[in-house]
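# sequence and predicted structure, then a few things I'm wondering about:
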Amino acid sequence: MAKFNETTEGEDFIASAASRETAPEIMKAIAFFARDLDEAEKLWNGDGFGVICHTTDLWERVTGNGKHEATDFFWGAAGSHWWADIRGVE
């Protein structure tokens with residue numbers, strides 16, 4: 001069974017980054033942890049942390065484990081402050 005991020009549906013989810021005003025790196029990280037579109041949508045909407053993946057897992061994937069600042073990336077309405085917004089969700 002293919003991983004969600006390697007499916008056409010996963011690729012379409014990642015490709016929706018611009019319309020969601022979200023950095024492609026964040027979309028790729030979400031798709032990496034999600035098993036399907038439903039889980040990806042939950043994570044993008046801020047749900048599913050602590051169940052699908054932990055917020056720190058997402059941060060590590062997006063920032064290259066701190067090689068880049070979280071504020072270099074943007075996520076919808078939270079913009080470049082996405083990490084500050086999701087950090088305490090779990």
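Everything's here; your move.

# need the pLDDT of the closest residue to residue 52 other than its chain neighbours.
Using Cβ to Cβ, 6 or more residues apart in numbering and skipping residues adjacent in sequence, the residue nearest residue 52 is residue 39, 5.1 Å away. Yep, even glycine has a C-beta here, placed from its N, CA and C like the rest. With respect to pLDDT, residue 39 has a value of 97.

# same thing with residue 67?
With respect to pLDDT, residue 67 scores 97.

# the residue nearest the centre of the chain: which element?
The residue lying closest to the centre of the chain (Cα atoms, centre = their mean) is residue 30, at 3.2 Å. Residue 30 is part of helix 24-33, with elements assigned from DSSP states H and E.

# do I have it right that the residue nearest to the centre of the chain meets residue 58?
Yes - counting by Cβ atoms under 8 Å, residue 58 is a contact partner of residue 30 at 7.1 Å.

# where in the protein is pLDDT low?
Along the chain, the model assigns pLDDT under 70 to residues 1, 89-90.

# separation between residue 54 and residue 83?
13 Å (Cβ to Cβ, to the nearest Å).

# quick one: which of the two has more around it?
Legend: neighbour count by other Cβ atoms under 10 Å for residue 54 and residue 83, higher for residue 83 (19 against 14).

# any idea how far the spatially closest residue to the more buried one that is not a sequence neighbour is from residue 13?
Once flanking residues are discounted, residue 83 sits nearest to residue 70: 3.7 Å by Cβ to Cβ, 6+ apart. For residue 70, the distance to residue 13 equals 21 Å [Cβ to Cβ].

# if anything else comes up later, I'll come back, but that's it for now.
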